[in-house]
Structures are given as structure tokens and as C-alpha cells.
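Engineer: let's see this in three dimensions:
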Amino acid sequence: MSADANTLSYEESAEDQHNAQSKEFLTIIIAGQRFGIPILQIQDVLGEQRVTKIPLAPPEVAGSLNLRGRVVTAIDVRRRLEIEPCNGVESEMGVVVEHENELYSLIIDKVGDVLRLKNENFESTPPTLDPLWRDISSGIYRLKDELLVILDVPKFVSTVHL
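Structural biologist: Numbering: from 1, shown residues only. Okay, here's the model as predicted:
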């Protein structure tokens, strides 16, 4: 019985150690570029939602929506990043994040995969990245065929001109 307890303890500590050496990200795609959001910051993933326009709101604020009785501010990520609007072929999705006890739905093109990436492969944001993107990025990961820009959610949300 003590051998089982030791084995269980070893397995738990190995998993804890693995988790401490890596992070999970939900990948989102905007205009073909893959971004990562730390999975612990995600509250919900939504399909296309009815968004109510807010008069005199900044251009990047698409409006608001109701999520289980809470008002959620919808932010058009394409507009926020100064990317051309989608041509309407694909439906939009929302990724709900929380910042300072407020919920925000980031309107994106589509959701990708959940990736577990090693901390040792994390790099600081390159100076060659577009300045607007650099301001809302906490760093990058180089994937096999592309760059994963990690979205700094608090910075991204707090710099929207509300």
C-alpha cells in the first residue's frame, strides 16, 4: 500500500512539475494570423452572437451582449488591430475574457486549438512586429510554420478607448 502511495505522489509531482514548465493557450485566428490567449483568462467561447450597438462608442467597440444575465462589452479585434473588416464569408466568434471584474467578448474570425507550450520556448516580442501589435503582445512562440503572438489580455482590454 505504501508503494502505491509513493507512486501516486511521484505521478502528481511529475504532473505539477510539467505544468510549471509549460502553459496552455487557446489559439484564435484573425485575418490568418494566429494569436494565443492564456487558457486561464478564458471565461467562455461563443458562436455568433447578437450584439447591440452602443451609441457614441469608440469604433473598436462592436457593442454589448447579454451573457447569462451579465452585460458584456464586445470588442472587434480586427478593428482594434487596424485590420480590414472581414468580407462576411465566415461567421464571427467571441472569446469572453474578464478584466477587473468586467467581461469582454473579443470578436474574432475563428477559434483554433488549445496548445500546451514549454516556457523555455517563449520569446519576447520582436521589435519588428507592428507597433500596434507589439503594444498588446506579451511575447511570441515560434510554431512549426508560423508565429504565435501571445495576447496580453489586460493591456488589450485596458487600451480600448471606453
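
Engineer: H99 touches L151, doesn't it?
Structural biologist: No. H99 lies out of contact with L151 (C-beta atoms under 8 Å); the separation is 11.9 Å. No exception for glycine: its C-beta is placed from N, CA and C like everyone else's.

Engineer: neighbour count winner among those two?
Structural biologist: Using other C-beta atoms under 10 Å as the criterion, H99 and L151 rank with L151 on top: 26 against 15.

Engineer: for the more buried one, phi and psi?
Structural biologist: phi -80, psi 130 (degrees, to the nearest 10).

Engineer: from V45, how far off is the spatially most central residue of the chain?
Structural biologist: The centre of the chain sits closest to I37, judged by C-alpha atoms, centre = their mean, with a distance of 2.8 Å. Applying C-beta to C-beta, to the nearest Å, the value for I37 to V45 is 10 Å.

Engineer: which residues do those two both contact?
Structural biologist: By C-beta atoms under 8 Å, 6 or more residues apart in numbering, I37 and V45 have these common neighbours: 26, 95.

Engineer: measure stretch 122-136 end to end?
Structural biologist: End-to-end span of stretch 122-136 (C-alpha to C-alpha, to the nearest Å): 16 Å.

Engineer: list the buried residues of it.
Structural biologist: 122, 125, 133, 136 (16 or more other C-beta atoms under 10 Å).

Engineer: what helix or strand is the third one on?
Structural biologist: By that I understand W133. Assessed by DSSP states H and E, W133 sits inside helix 131-135.

Engineer: contact partners of that helix?
Structural biologist: Under C-beta under 8 Å, 6+ apart, the answer for helix 131-135 is 81-82, 125, 127, 149, 155, 159.
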